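Q: Sharing a model prediction with you, sequence too.
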Amino acid sequence: MKEQLYKKELRNTVLFVLILLPLGHFAQFFKLFPSLQGGSMWGFPVHYIVPILVGWFGLLILAIIMAVVLNKFDDEMDAYTSSLEDKNSGDTV
């Protein structure tokens with residue numbers, strides 16, 4: 001069980017890092033791919049408004065999702081540690 005929790009923690013960390021980095025640096029995609037700079041959205045140039053929307057609201061939504069996932073992981077970790085404490089308290093009679 002302990003190894004599974006460590007693997008899950010590592011998987012969650014790597015997954016969210018791989019998602020957070022591109023979202024936080026979304027404006028760089030418009031430098032890497034200049035053909036994406038054409039057009040407008042709501043009257044603003046796409047290369048201005050899309051990074052703002054993704055950087056603010058995209059990261060906000062991802063942070064909420066990350067909080068829910070990591071809270072569930074914390075609950076699993078608490079259940080595991082309390083089961084270990086229950087085993088150890090029964091042995092010290």
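A: Received the coordinates, thanks.
Q: The closest residue to I19 other than its chain neighbours - how many residues pack around it?
A: Leaving aside its chain neighbours, I19 sits nearest to L62 (6.2 Å; criterion: C-beta to C-beta, 6 or more residues apart in numbering). For the C-beta atoms, the positions are set from N, CA and C on the backbone; glycine is no exception. Counted with other C-beta atoms under 10 Å, residues neighbouring L62 total 16.
Q: ok, which stretches of the chain are helices?
A: 2-24, 27-32, 46-53, 59-91 (DSSP state H).
Q: May I see the buried residues of the third one?
A: Residues H47, V50, P51 are the ones in helix 46-53 that count as buried (16 or more other C-beta atoms under 10 Å).
Q: Just list what that helix packs against, helices and strands only.
A: Applying 3 or more C-beta pairs under 8 Å, 6 or more residues apart in numbering; DSSP states H and E, one finds that helix 46-53 contacts helix 27-32, strand 40-41.
Q: Over to the last one?
A: Contact partners of helix 59-91 among helices and strands, from 3+ C-beta pairs under 8 Å, 6+ apart: helix 2-24.
Q: May I have the helix it packs on as CSV, with CA atoms only?
A: The C-alpha trace of helix 2-24 is given here as CSV (Å, rounded to 0.1, in the frame of the first residue of the first chain):
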residue,chain,number,x,y,z
LYS,A,2,2.8,2.4,0.9
GLU,A,3,4.5,1.9,-2.5
GLN,A,4,1.2,2.5,-4.3
LEU,A,5,0.7,5.8,-2.4
TYR,A,6,4.2,6.9,-3.3
LYS,A,7,3.7,6.0,-6.9
LYS,A,8,0.4,7.9,-7.0
GLU,A,9,2.0,10.9,-5.3
LEU,A,10,4.8,10.9,-7.9
ARG,A,11,2.3,10.5,-10.8
ASN,A,12,0.1,13.3,-9.5
THR,A,13,3.1,15.6,-9.1
VAL,A,14,4.5,14.9,-12.6
LEU,A,15,1.1,15.2,-14.2
PHE,A,16,0.3,18.5,-12.7
VAL,A,17,3.8,19.9,-13.5
LEU,A,18,3.4,18.9,-17.1
ILE,A,19,0.0,20.6,-17.3
LEU,A,20,0.9,23.7,-15.3
LEU,A,21,4.1,24.6,-17.2
PRO,A,22,2.5,25.0,-20.6
LEU,A,23,-0.6,26.8,-19.2
GLY,A,24,1.6,29.2,-17.3
